[in-house]
Structures are given as C-alpha cells and as structure tokens.
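Trainee: have a look at this fold, sequence not included:
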C-alpha cells in the first residue's frame, strides 16, 4: 500500500489545523493599539501551537522518509494522531482567551500528551511493519526522546494544578526539545547512502 | 484521463471537511472544567463524524488503488459524494448541540445514507468503466458490505422516530463494520502481485 | 516552468472554496424539523455554487491536461480566476440568506460573470503560449461555448432587474451547459493518441 | 532531504490563507446594494492581501525550482515565513474594517515587513546550503529587489504615523514591484538549459 496519499492527506490536515488556529485571533472592534493588548495571550498561545504543529509536520515528514509501506493499521494510527492534533485549535483558543488559567492549561497539556502518545503508537506500528532490521527501527530504537517528552507532559500537567505556569513552562520545554529536527532520521538516511 | 488530480482534489476536500468540523467545538467563555461539560455531546458527535470521514478517506484511497482511469461521469459521481460529505459538519454540529434529539439524528442519518449511496454510485461507475474482468470488479463484486450498511442506515433512521438512540446505535454499528480497512482490495492487490 | 504546482495550488484553493461555503449553512438553534426550513434557500444556493465550483475544477482539470508549460502571465491569470471564485462563498451566502432578492442575485451573477471572463483570459493566454497549432488551440478554437455562457450571464444579470428568477434561471442554464465535461478536450486527447 | 513535501505543505497553507481571508467579508444583513458599501474597504483590503499572498506563492514557486535539497534549518525558516503570512487574514480584516486608520495600517505593514524578512532568511539559508556557485546563488545574488522592498516597508510604516495613506501607498508600491514574476529565476533556468 502506497504512502503518498497518506502523506498528502496528513499534509492537508496539518496545513488546515495550523492555519485555522489563526481564526481564533478575533479582529478587535477598536482601531487603537490598545485594542490589540487583550490579543497578546491569544497570540502567544497561537505561536506555541504553531510551533507544536510545525514540529509534528517536521517529524512526520522525517519519519515518512524511512517508511517503505503502510497498512490499514498505520492509516488508522495516523488518523488517530490527526484527531488529537485537530483539537489543538480548540485547546489553543481556550488557553489563550482565559489567560493561562489552570484548567485550560491542563486540557491543553492533555491534548498535547494524547497527540504525543498517538505519534508514538504510529511510530511503533510502522517500526513493527518494517521489521527489527529496518532503517526506521534503527532510527527510532527505544525512542528515549519520545518517552522523555511524555514524562515532561505528565509532570507539566500535574504541575498545572499548583500553578499553570509550571504547565506552560513544561510545554515550552518539550517544544525546545523537539525544535531541532530529528537527526536520528538524517543520520540513518546518510548511513544508507554511504552503504 | 488521469486519476491523480481526482485523488488530490478529494484528499483536499476530505482534509478540510474533517478539520472544519472542529470549528463547531465553540470555545467556552468560562475557564472552569465545568465549562467543558456542555461540549461533551458535541465532542462525541465530532468523534463519530471524524471516524466516518476517516472511513470514507480510507475506502476512497483503497478503491482508487484499483482504478486505472476515470471519465467525466466518475468525476461528477465523485463530486456528488463530496457534496454529501460536505454536509457532515452541519449535521454533526446540529446533532451534537441538540443532545441527540430525534430530528437532528434523523437528518444526520439521512446525510450518512446519501453519502453511502453516492459512494455506491461512484463504485458502480468505476466498475463499469473497467469492465467485468477488471481488478476493481472482482474486488467489489456485488458489494454485500455496501448494501448491508445501506440497510442498517435505513433501519437506524426509521428507529430514530421511536428513540434517537436506536439511530445513534445504528450509525456506530456501520462505523464498526467499516472500521476494518477493505481487505477485498488488499486481497485483490496481493493476487495481482502473485500473478 | 512547471504546471504541477499551479495545479496543486488551484486544487487546494478550489477544495477550500467548495468546502467553506458550507460554513454559511448556520446550525439552527431549535431541534425541530421546522428549524431547517429557513435553511432551504441557503442550501439551494450552496448546491448551485457547489456545482459551479465543481464545473470550474472539472474544466480546469481538462484544460491543464493539454497544457505543456506555463509562464508568469498564466500564473497571474490563474490567480485572477481564483480571486473571483473565492468570492463565491460570499455571493452564495448573501443570495441564499436573502431569498433570491434582486441585488444579491445580480451580485452573484456579476461574480459568476467575472469568473467566466477570468477563465477565458487564462485560456487565451495558454492558447497563445502554445501556438496556433497546439492541441489546446485546436481544442478550444474560438471557444463558442465560453462566449455563449458569457452572453447568458449578461442577459441573466439584466433580467434580474425585472425578476430575480430570470437571473437564477440563467445561472442554472449555464450550469447545465457546462455540466457535461468538455468533450472538446477528450476528443483532442483521443486524436493525439491515434496519431 | 526532499523538497516535495515542503512545497506541498506550503501550497496547502498558502491556499488556505488566501481563501480564509474571504471569510472576513461578512455577509450583510440587508439585501439592498447599499448594504454592500461598508464592505468596499474590506474588499479592497482583501484584494491587496490576495495579491500579496499570490506574489509570495509565485516567488516561492520560482525559488523552489532552483532548490535541489532542503535541510532542517530551511524547513523551520519556511515555517517562520508561513507564520507571518498566516497573520495576514487578521491584519487584512483589522485594516479593512477600520477604514485604513493609522494603527491597523501600521500593524499590516509590520506583518508584511516580517514576512518579507522571513522570506529573505529562507532565501539566504537556501543559497548558503547550495553554495556560492549554485544556480540559486546566481539568481538571487545580493537580492537588491528584496532589500529595496524591505526599505519601502519601513518607510511606509514610518509614513503611516503621519498619514495612513502613505503606508497604503507604500504597500501598493511593493506589490507593483513584485507583481512581475521573478525574471532572475527564469533567466537562470534558461541559462541552465542552454549550457
């Protein structure tokens, strides 16, 4: 089964998610610069989610480069990932409009956590499909980086019950960890070319 | 005539439909967790439709793998299918916001039924275009699975006049039936490779 | 210069236009079947525009099959076409929500007329680029069909000042004329294969 | 690393940006032609932004034709560009709805300036990646045209503090400068073919 349409569909959904989030930046009624001030938390929230979705697109792009085939399970695991990512516009707007109060921050973290778990499931299905000696299996290994971010998310969500800024700090930390593109994939691809 | 742009356009429309449905998850004004409770039926409704559109994308993907050519009729049959699918965001939101009352559930079922009939028409046009000995004709045959889901939809819609939960149960049943990717296509493709 | 990205971008914009129009079908507050009745004119308006955009996609698809190259002029002529098509969601909603009163029908016709002129300009630029002996020049010739629809649009707009139903009838007539895929293109492609 | 998905994703995001801007053209309640008059500044603002996004798509398309490979840095530089472009719908609507008052015009210019800087960064990263003797390095050189538009943006923003029409005039001037597709790229491509 061909991976091209999976990539095309995912690109489409990710492109729409990243763009419709901006619709939550509601145009203010006044025309003074002061009218923009209440939008700053919404904009910050949008920026964080833009980076998150950008990271997912980036990593998805990298992972798919190592993928030779997909099956029905992988298609559904991919849709499962897209489902959680599709809740980002909602969680982003709720968090931004409520100035990072506890519950919106917790729910944002929950959506981010579920998306990361969905990504992990997709990765494992693809690794299993390609076998233990495949390039994708070597590139991801035990996926320490994925597991670390899951732990940070859980700690950040728990911390949000004390102060929502602990949660926000945790989410920024995960974004920083993943900001650097997945060199594991690039290294694997370079090794393949050398052989 | 080339099938690539048909696939690309369908992927685009399906990606947009699946994503804009989430815009009906209106951001609540309060920031308490209680503010999320009224959203639960809308979220459930969104989840069901996400799975439905996912199934259509999946099956469309599979069917197109067996397609060698398309004609003007097939292009319009495909647009007809996309038309009914484009009504899903509306039907989903109406059903979710009205807590699964009778008429919204009936209309949801009607849209789902029309989409399934539109899919069946597209399938028949493509089968006819490729001839009775084609891979696509062998893969779909009399399409018992398609006919069964049409019957379930009609029963579910009729049952909604008694209790809307009969309708919802019927729609979930169809989703479960189709959740498993179309092995008829995968078997046909494998057979082709063996020959 | 390559035509692939022009097609991909146009497909994307057309897919979004055709889908966001449905967002104007505002979810009613009540859950009775009566709550749907005010939506019927909006739905009819949506259906007409869906067919229009479907026709444009279809014809664009056909025309691009004969295109070997594009230049800067063609890129802008294509964007010009997309600009007018992007006004369809607005014109559709205004016409549907105002029950086909004169001015909304006139403006709808004006947008449709401008889109048809934009399509004609794009076609002429592509014909000129490929030369008088090219397949595209033979397929379109003097484009009688295009000119007839322009005349129908002008008459329909003029008629809308008397009764908006003359306008609507004219728009439906153009849709019927174009509903049949462009056999000129298919004939040209078949001739090419025979040679 | 492959440039195809970068192009596909950028096309998707640009197609959505250019199309959702039209959602800010809110459907008026009345059905008289007078009801359209307040929409004229919004429509003008939409037209300007449509041309801007069209120019970016056009130039992106041209630049990518000279690109042989992309790296992680280029992916992020591209996302950075898309981020600023995604703020166009907001800036466009705010400017149009406030009849080109000073602050909305300044913010519009700021978004346009940041997008142009983001484009410049992406261009420099791609030039550096391909080396000083590459086609892309020759095509862009010191990018005088890019630097001139940055200067015009800054002057236009500064001028908006005196009169917002200076700003608008500046933005139109940049659009005119870029309206002509990048002949530098076409010349480079022609030279490559001759060699």
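Mentor: Okay, I see it. Predicted, not measured: the structure shown is a model, and the values here were computed from it.

Trainee: how many other residues sit next to residue A:62?
Mentor: Each residue near residue A:62 was counted by other C-beta atoms under 10 Å in any protein chain shown, and the total is 21. C-beta here means a position set from N, CA and C on the backbone, and glycine is covered the same way.

Trainee: what residues does chain A have near chain D?
Mentor: Contacts of chain A with chain D, taken as C-beta under 8 Å from any C-beta of the partner chain, map to A:7-8, A:11-12, A:14-16, A:18-20, A:22-23, A:25, A:27-28, A:31-33, A:35-36, A:47, A:50, A:54, A:57-58, A:61, A:64-65, A:179-181, A:183, A:186, A:189.

Trainee: what sits up against the helix or strand of chain A with the lowest mean pLDDT?
Mentor: Per-element confidence for chain A was summarised using mean pLDDT, DSSP states H and E. The lowest value among helices and strands belongs to helix A:183-194, with a mean of 72. With C-beta atoms under 8 Å, 6 or more residues apart in numbering or on different chains as the contact definition, helix A:183-194 has outside contacts at A:62-63, A:65-66, A:135-136, A:138-141, A:145, D:1, D:72.

Trainee: for chain A, which helix is longest?
Mentor: The helix that spans the most residues within chain A, counting by DSSP state H, is helix A:102-130.

Trainee: tell me which other helices or strands that one touches.
Mentor: Counting by 3 or more C-beta pairs under 8 Å, 6 or more residues apart in numbering or on different chains; DSSP states H and E, the packing neighbours recorded for helix A:102-130 are helix A:40-66, helix A:72-86, helix A:88-97, helix A:135-140, helix A:144-160, helix A:164-179.

Trainee: quick one: residues contacting the residue nearest the centre of chain A.
Mentor: Centre of chain A computed as the mean C-alpha position; nearest residue by C-alpha atoms, centre = their mean is residue A:56, 4.1 Å away. Taking C-beta under 8 Å, 6+ apart as the definition of contact, the neighbours of residue A:56 are A:14, A:81, A:85, A:115, A:119.

Trainee: mind running it again at 7 Å?
Mentor: Under the criterion of C-beta atoms under 7 Å, 6 or more residues apart in numbering or on different chains, the contact partners of residue A:56 comprise A:14, A:85.

Trainee: separation between it and residue C:110?
Mentor: Separation of residue A:56 from residue C:110 (C-beta to C-beta, to the nearest Å): 43 Å.

Trainee: how about residue A:45?
Mentor: Counting by C-beta to C-beta - residue A:45 and residue C:110 are separated by 40 Å.

Trainee: those two: which has the busier surroundings?
Mentor: When neighbours are counted by other C-beta under 10 Å, residue A:45 and residue C:110 differ, and residue A:45 comes out ahead with 27 against 16.

Trainee: any regions of chain A where pLDDT drops low?
Mentor: For chain A, applying pLDDT under 70 flags the ranges A:1, A:180-183, A:186, A:193, A:195.

Trainee: how about the residues of chain A by chain B?
Mentor: Near chain B, the residues belonging to chain A are A:2, A:5, A:8-9, A:12-13, A:16-17, A:20, A:72, A:75, A:79, A:83, A:86-87, A:89-90, A:93-94, A:97-98, A:101, A:103-104 when assessed by C-beta under 7 Å from any C-beta of the partner chain.

Trainee: out of those residues, which end up buried?
Mentor: Among the residues of chain A next to chain B, those buried by neighbour count (16 or more other C-beta atoms under 10 Å in any protein chain shown) are A:5, A:8-9, A:12-13, A:16-17, A:20, A:72, A:75, A:79, A:83, A:86-87, A:89-90, A:93-94, A:97-98, A:101, A:103-104.

Trainee: circling back to that earlier point, out of the helices and strands packed on helix A:102-130, which one sits most buried?
Mentor: Across these, averaging neighbours per residue (mean count of other C-beta atoms under 10 Å in any protein chain shown) puts helix A:88-97 on top, at a mean of 26.

Trainee: and that one, how far from the chain's centre?
Mentor: Per C-alpha atoms, centre = their mean, to the nearest Å, the displacement of helix A:88-97 from the mean C-alpha position of its chain is 15 Å.

Trainee: so which elements touch that helix?
Mentor: In terms of contacts (3 or more C-beta pairs under 7 Å, 6 or more residues apart in numbering or on different chains; DSSP states H and E), helix A:88-97 is packed against helix A:4-20, helix A:40-66, helix A:102-130.

Trainee: how much space between the residue lying closest to residue A:127 once chain neighbours are set aside and chain B?
Mentor: Nearest non-adjacent residue to residue A:127, counting by C-beta to C-beta, 6 or more residues apart in numbering or on different chains: residue A:137, 4.9 Å away. To chain B, residue A:137 is 23 Å away according to C-beta to the nearest C-beta, to the nearest Å.

Trainee: show me what contacts residue A:137?
Mentor: Taking C-beta under 7 Å, 6+ apart as the definition of contact, the neighbours of residue A:137 are A:127, A:130, A:131.

Trainee: which residues touch the second one?
Mentor: Contacts here follow C-beta under 7 Å, 6+ apart; on that basis residue A:130 touches A:68, A:136, A:137.

Trainee: try it again with 8 Å
Mentor: When the contact criterion is C-beta under 8 Å, 6+ apart, the partners of residue A:130 are A:66, A:67, A:68, A:69, A:136, A:137.

Trainee: repeat that for residue A:73.
Mentor: Residue A:73 sits next to A:125, A:129 when contact means C-beta under 8 Å, 6+ apart.

Trainee: now do the SS call for residue A:133.
Mentor: Local secondary structure at residue A:133 is given as coil here, using DSSP: H, G, I helix; E, B strand; the rest coil.

Trainee: residues near it, how many?
Mentor: Applying the criterion other C-beta under 10 Å, we find 7 residues in the vicinity of residue A:133.

Trainee: swap in residue A:143?
Mentor: Neighbours of residue A:143 (other C-beta under 10 Å): 17.
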